[in-house]
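K.L.:
the sequence and its predicted three-dimensional model are supplied below.
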Amino acid sequence: MQLGITKSITLSNGSTIDIETGRLAKQADGSVVLKQGDTMILATVVADKTAGEDVDFMPLMVDYKENFSATGNIPGGFLRREARPSDHEVLICRLVDRALRPLFPSDFHANTIVTLRLISSDGETMPDALVCLAASAAIQVSDVPFLEPISEVRVARINGEFVINPSATALKDADIDMMLAATKNNIVMVEGELEEASEEEMTEAIKIGHEEIKKMCALQEELAQAVGRTPREYNHEKSDPALEKAIHDFAFERCKAIAAKGLANKAERGELFKAVKDDFLATLSEEEAAENAFLISQYYKAAQKAAVREVMLNERIRLDGRKMEEIRPIWSEVDYLPKTHGSAVFTRGETQSLTTVTLGSKKDEQLIDGAFFSGTEGFMLHYNFPAFSTGEARMPRGTSRREVGHGNLAHRAIKRMLPEDNAYTIRVVSDILESNGSSSMATVCAGSLALMDAGVQLKRPVSGIAMGLITDGEKFAVLSDILGDEDHLGDMDFKVTGTEKGITAVQMDIKIDGLSYEILGQALNQAKAGRLHILGEMAKTLAAPNPNFKPHTPQIVNVTIPGDTIGAVIGPGGKIIQEIQALSGATLSITEEGDVGIVQIYGPDQESIDIAMKQVKGIVAKPEVGETYDGVVKSIKDFGVFVEFLPGKQALVHISELSHARINDIADAGLKEGDEMKVKIVKFDDKKQKFVLSRKALIPKE
């Protein structure tokens, strides 16, 4: 009995990928199991047979989860089960969604769910480089309409050589790490981080990755042919050609005239475009307008889009009147919030970010508990996009996938510019206060300024710019610093971040078939010019990091101690370290590195740092006979007092060693617990393995 159909491919790195269908999840419209080494991904697709009423978009949901059982682990937390998606899983969902979405027919509107599960992992094969191939293969063995196969690869440059889908260990040494999605003929999506790479190096990485993707697309075509793929028939859109023509004839020239005005104010433009639609509705009866409300809205949007695009292509006039390569006016300010550790306001046109920096201790690091990756993250960048930033009255629903994705892009843009000797845990938060185009790039600029304001010694400032594209297949226009409307009406959203030396992060989504390397090259060069212009504007506010942290910034000091003294500093059940924290007001954390321990002391002021440091150094210090110490009386006995002469180290001062004069009763010594007392180690008792202390040895004899 044949359980399934399997097709295989060998990548340029020598690894083999097997894709099997017909064995698991057979009630889904399409399902495959992708296997590379001991890593396995189950991918399924299910789409409704009909679409909802008056739906004009693709209701696609990509759901990716990493089963902890895939790596032989049990989830942490109270529930001990896989719950809401982690940021890592959300980012992978977005990678797949952005690659697949343009490949569904524009008139297909059925609710579609693509489910991806990491069901086995060897810990080295990166699943994010395989899930898009698995998802596309699942669609190829289904009857869900799809224009053509697509796949995704990771292209990394390691020690000067480009590698396709490197292992997790090898990736740590990469200075270019890019994810690329494409069909056989066209680039669809690019995302990644680079260590100040040139435009030519980035283009080379894209070309190398595309060659590998072509093989993966051919593999899927073989698989579809083997299962006898026959796409389903569907009809998800109502149409009225006469109404469509009437709206186009009425609105097209009027919309062109508005677009040609070059109005910078978004609200003013919106009112004028709305008035054209309202004027057309006035030509209809109430019954006609109500009956055809959905189609009227769609046909008017199409006429408006066509008009705006024609003005841009033929008259080279943008919606707000700028030239194609012109950047909107910029103003920025640092130290806006007096009690944060760092802050900046960055405004470009009608987009504004208020960004803060908080510097914390090692204990503030983010704990990551994942199936494929677990550990800590010491640099966090969070992006918030409240509804008021676009003038909408919308209830907040928690952090969206878009917010996670935009924050991650800004995080990747900046992180390679952080200093290697940074001791702080850093949290950057960007709150978008206004939005009309590329708030993620405003976050990069504001984040860079806020970090420099905080005194974090960035290697170089980072700026970002969003590029757009309008093309009719023959003519094209590359737009710098696109508006929100230009993003919606255009054919490309290409975000590029970098320093004066090169690119640090990219994110590109293509909405059309075909992006020539000529257009890509022009977009990259135009982006570079824009990036450098923005850096110049930022430098007018703050050109380099402040030399010092703010006075109210908590201080951090690292103390190295012998590895065999770590236990003494921590104490039984953490008793000693807790006492140090209570005494000093500082926070301590200890990490072991080789044969030494690193004690990080994080305190609100220098006094707390000094107290904690003195305690730590006292614990690890080795007492020496003949040395003098400042001690504290810990307990009083009939025969003498016990004195703590170093943190955690006590010894007896016999009653005979308290004074040159004879003391018959310890009460006559006038001592109480907590009294300070200078003592000297006079000898080490080998038999009892204890130090012997004396106070009278420090008192001149009369």
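P.N.:
Here it is on my side, so go on.
K.L.:
low pLDDT regions in the chain?
P.N.:
Counting by pLDDT under 70, the chain shows low-confidence ranges at 1-3, 514.
K.L.:
quick one: the strands in the stretch 451-600 of the chain?
P.N.:
463-471, 476-480, 492-498, 503-510, 555-562, 587-593, 596-603 (DSSP state E, counting those that start in this stretch).
K.L.:
by contact count, what packs against the second one?
P.N.:
Put plainly, it is strand 476-480. strand 463-471, helix 517-541 (3 or more C-beta pairs under 8 Å, 6 or more residues apart in numbering; DSSP states H and E). Quick note: C-beta positions are derived from backbone N, CA and C, even for glycine.
K.L.:
now do 10 Å
P.N.:
Using 3 or more C-beta pairs under 10 Å, 6 or more residues apart in numbering; DSSP states H and E, the elements in contact with strand 476-480 are strand 463-471, strand 492-498, helix 517-541.
K.L.:
just checking: what are the partner strands of that strand?
P.N.:
The pairing partners recorded for strand 476-480 under DSSP bridges are strand 463-471 (antiparallel).
K.L.:
what's the angle from the partner strand to strand 503-510?
P.N.:
30 degrees (axes from the mean of the first three to the mean of the last three C-alpha atoms, to 10 degrees).
K.L.:
and strand 463-471, C-alpha only, in PDB?
P.N.:
This file holds the C-alpha atoms of strand 463-471, laid out as PDB (Å, rounded to 0.1, in the frame of the first residue of the first chain):
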ATOM      1  CA  SER A 463      18.400  56.200   9.900                       C
ATOM      2  CA  GLY A 464      15.700  54.600   7.800                       C
ATOM      3  CA  ILE A 465      13.700  55.400   4.700                       C
ATOM      4  CA  ALA A 466      10.700  53.800   2.900                       C
ATOM      5  CA  MET A 467      10.800  53.600  -0.900                       C
ATOM      6  CA  GLY A 468       7.900  53.100  -3.200                       C
ATOM      7  CA  LEU A 469       7.300  52.200  -6.900                       C
ATOM      8  CA  ILE A 470       4.700  53.000  -9.500                       C
ATOM      9  CA  THR A 471       5.000  51.200 -12.800                       C
END
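K.L.:
what angle separates it from strand 492-498?
P.N.:
Orientation check (the same axes, to 10 degrees): strand 463-471 against strand 492-498 gives 160 degrees.
K.L.:
quick one, strand 463-471 and helix 517-541 angle?
P.N.:
Going by the same axes, to 10 degrees, strand 463-471 makes 150 degrees with helix 517-541.
K.L.:
just give me the neighbour total for Glu377.
P.N.:
Residues within reach of Glu377, counting by other C-beta atoms under 10 Å, total 14.
K.L.:
give me the beta-bridge partners of it?
P.N.:
According to DSSP bridges, Gln366 are recorded as the beta-bridge partners of Glu377.
K.L.:
got the contact list for it?
P.N.:
Contact partners of Glu377, counting by C-beta atoms under 10 Å, 6 or more residues apart in numbering, are 87, 365-368, 411, 415, 425.
K.L.:
quick check: next helix or strand after the longest helix anywhere in the chain?
P.N.:
The longest helix of the chain (DSSP state H) is helix 199-227. Downstream of helix 199-227, the next assigned helix or strand under DSSP states H and E is helix 241-261.
K.L.:
go ahead and confirm Glu325 touches Arg531.
P.N.:
No. Between Glu325 and Arg531 there is no contact under C-beta atoms under 10 Å: 11.9 Å.
K.L.:
so for the two, which residues contact both of them?
P.N.:
Ser480.
K.L.:
can you pull the buried residues of stretch 251-261?
P.N.:
Using 16 or more other C-beta atoms under 10 Å as the test for burial, stretch 251-261 gives 251-252, 254-256, 258-260.
K.L.:
tell me the two of the contacts of Glu377 that are most distant?
P.N.:
Leu367 and Lys415 (18.2 Å; C-beta to C-beta).
K.L.:
list the buried residues for stretch 78-94?
P.N.:
82, 85-94.
K.L.:
same deal with stretch 410-420?
P.N.:
Residues 410-418 are the ones in stretch 410-420 that count as buried (16+ other C-beta under 10 Å).
K.L.:
stretch 509-528 now?
P.N.:
The neighbour-count check on stretch 509-528 (16+ other C-beta under 10 Å) flags 509-510, 515, 519-520, 522-524, 526-528 as buried.
K.L.:
ok, now stretch 288-304?
P.N.:
By neighbour count on 16+ other C-beta under 10 Å, the buried set for stretch 288-304 is 292, 295-296, 298-301, 303-304.
K.L.:
of those residues, just say which sits nearest to Thr587.
P.N.:
Using C-beta to C-beta, the buried residues of stretch 288-304 come closest to Thr587 at Lys301, 55.6 Å.
K.L.:
doesn't Lys274 make contact with that closest one?
P.N.:
No. At 11.8 Å, Lys301 does not count as touching Lys274 under the criterion of C-beta under 10 Å.
K.L.:
sorry, back to before: now distance to Pro127 too, for the strands of the stretch 451-600 of the chain, in JSON lines please.
P.N.:
Compiled in JSON lines, these are given as follows (distance: least, C-beta to C-beta, whole Å):
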{"stretch": "strand 463-471", "distance to Pro127": "28"}
{"stretch": "strand 476-480", "distance to Pro127": "35"}
{"stretch": "strand 492-498", "distance to Pro127": "25"}
{"stretch": "strand 503-510", "distance to Pro127": "20"}
{"stretch": "strand 555-562", "distance to Pro127": "36"}
{"stretch": "strand 587-593", "distance to Pro127": "29"}
{"stretch": "strand 596-603", "distance to Pro127": "33"}
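K.L.:
re the thing from before, now, which of the buried residues of stretch 509-528 sits nearest Leu130?
P.N.:
Once C-beta to C-beta is applied, the member of those that ends up nearest Leu130 is Asp509, at 20.6 Å.
K.L.:
just checking, that closest one touches Met492?
P.N.:
Yes. The pair Asp509 / Met492 is scored as a contact, 7.0 Å apart, by C-beta under 10 Å.
K.L.:
one step back: and the buried residues of stretch 251-261 as TSV, adding distance to Gln689?
P.N.:
Formatted as TSV, the buried residues of stretch 251-261 follow (distance: C-beta to C-beta, whole Å):
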residue	distance to Gln689
Ala251	96
Phe252	97
Arg254	97
Cys255	93
Lys256	95
Ile258	92
Ala259	90
Ala260	93
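K.L.:
show me which of those is closest to Arg229.
P.N.:
Nearest member of these to Arg229, counting by C-beta to C-beta, is Phe252, at 39.9 Å.
K.L.:
my guess is the closest one meets Ile258, correct?
P.N.:
No. Counting by C-beta under 10 Å, Phe252 stays clear of Ile258, with 11.1 Å between them.
K.L.:
who touches both of the two?
P.N.:
With C-beta under 10 Å, 6+ apart as the test, Phe252 and Ile258 both reach 276, 304, 307.
K.L.:
mind telling me what element the first one is part of?
P.N.:
Remark: Val276 resides in helix 266-281, with elements defined by DSSP H and E.
K.L.:
mind listing what's buried in that helix?
P.N.:
Within helix 266-281, the residues that count as buried by 16+ other C-beta under 10 Å are 266, 269, 272-273, 276-277, 280-281.
K.L.:
same check on stretch 490-509?
P.N.:
490-499, 502-509.
K.L.:
could you do stretch 235-247 as well?
P.N.:
Counting neighbours by 16+ other C-beta under 10 Å, stretch 235-247 gives 236, 244, 246-247 as buried.
K.L.:
same check, this time on stretch 589-606
P.N.:
Within stretch 589-606, the residues that count as buried by 16+ other C-beta under 10 Å are 590, 597-603.
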